[in-house]
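S.K.: Here is my input, please return the structure:
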Amino acid sequence: MFKRARDSQLIRPARSRTRLLVLAAATALLASAATAATANTATATHTVGGGKPTIVLVHGAWADSSGWDAEITTLTGLGYTVVPIANPLRGLSSDSDYVRARLAQISGPIVLVGHSYGGAVITNAARGVSNVKALVYVAAFAPGKGENLATMLPADRYPGSHLDPSKLDVVPVPNPAAPGGQDVDLYLKTADFRDIFAGDVSNHEAMLEAATQRPFANTAFTEQSGAPAWASIPSWDLISLEDHAISPAGQRFMAQRMHASTTTVHSAHDVMISHPFAVDLVILRAATAVG
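M.R.: Next up, the predicted model:
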């Protein structure tokens with residue numbers, strides 16, 4: 001099922017894998033993952049006894065919580081409490097405050113998962129929240145202090161992303177999270193959506209994802225990140241090797257910088273939709289390490 005790379009694990013899930021097979025494999029993983037996760041992650045030292053952690057899922061730009069449907073089904077079936085949070089996508093600090101407020105309502109240990117821009121949000125939202133015991137980055141940004149999404153992955157250093165201003169539709173909107181209350185919403189152009197975001201799914205599925213994409217405020221794209229929670233919380237990272245939104249090289253740089261336990265999968269950016277089996281396994285590794 002797994003092929004070891006030098007510093008990562010490579011997952012090649014079959015596209016036709018059923019939920020029953022996912023549940024069976026995940027259940028088998030639960031029996032041995034705590035030992036494996038400890039061996040693979042030198043920083044995974046925050047162990048909490050008694051009960052399973054709550055899994056909190058934070059989606060990214062141009063998406064909503066329905067993108068986690070397969071993961072919610074599997075993890076709930078395994079007995080986890082799963083809380084998907086609707087990311088406002090208005091500004092990094094305000095989105096992080098919103099997620100932090102939701103986290104404050106959860107007792108017991110939390111595994112906090114972020115996809116894409118959701119990774120930047122969890123990096124800030126988990127800061128100072130003592131019961132967040134693991135961070136899981138899924139094809140995600142993991143910014144350092146003072147970085148923003150617009151400038152942290154320059155194409156000359158980290159080639160692979162096809163995302164540039166020409167691929168975006170821009171719509172002026174009011175935004176209370178933006179300086180002066182005015183902003184622009186960014187949409188991926190329909191013609192470019194499949195290439196950038198959803199290269200592994202059918203044309204029909206990519207069309208639906210493009211048609212239902214939620215707007216991403218420019219303020220969220222440009223606002224600087226604060227002190228990163230990954231500096232003090234054990235982290236896991238699933239790197240999507242066929243990603244045309246966030247460069248795989250950039251993802252690897254961020255994973256190495258935060259000393260994350262790293263797994264790779266041959267997937268486009270919407271890995272939680274196209275390869276939910278890979279996402280489930282990484283979340284379960286984190287959950288069994290801290291739960």
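
S.K.: surely Tyr158 meets Met152?
M.R.: No - using C-beta atoms under 8 Å, Tyr158 makes no contact with Met152, being 9.1 Å away. In short, each C-beta sits where N, CA and C put it, glycine included.

S.K.: Mutual contacts of these two, please.
M.R.: Residues touching both Tyr158 and Met152 (C-beta atoms under 8 Å, 6 or more residues apart in numbering): Gly250.

S.K.: Name the helix or strand for Phe277, please.
M.R.: According to DSSP states H and E, Phe277 maps onto helix 276-290.

S.K.: Tell me if I am right that Val171 is in a strand.
M.R.: Yes - using DSSP: H, G, I helix; E, B strand; the rest coil, the secondary structure at Val171 is a strand.

S.K.: residues near it, how many?
M.R.: 11 (other C-beta atoms under 10 Å).

S.K.: tell me the secondary structure for the residue nearest to it when sequence neighbours are not counted?
M.R.: Spatial nearest neighbour of Val171, chain neighbours left out: Asp185 (4.6 Å); criterion: C-beta to C-beta, 6 or more residues apart in numbering. What three-state DSSP gives for Asp185 is strand.

S.K.: Please name the bridge partners of Asp185.
M.R.: Beta-bridge pairing of Asp185 under DSSP bridges involves Val171, Ala217.

S.K.: That one and Ala178 touch, don't they?
M.R.: No - the pair Asp185 / Ala178 is not scored as a contact, 10.6 Å apart, by C-beta under 8 Å.

S.K.: Need the residues touching each of these two.
M.R.: 217-218.

S.K.: list the contacts for His115?
M.R.: 57-60, 63, 67, 138-140, 271-272.

S.K.: Secondary structure, neighbour count and distance to Ala231 added to the residues you listed, as CSV?
M.R.: CSV is the format used below for these (DSSP: H, G, I helix; E, B strand; the rest coil; neighbours: other C-beta atoms under 10 Å; distance: C-beta to C-beta, whole Å):
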residue, secondary structure, neighbour count, distance to Ala231
Leu57, strand, 27, 22
Val58, strand, 31, 19
His59, coil, 26, 24
Gly60, coil, 30, 21
Ala63, coil, 25, 27
Gly67, helix, 24, 28
Val138, strand, 32, 20
Ala139, coil, 29, 21
Ala140, coil, 31, 16
Val271, helix, 28, 25
Met272, helix, 28, 25
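
S.K.: which residues sit in contact with the residue nearest to Val171?
M.R.: 170-173, 215-218.
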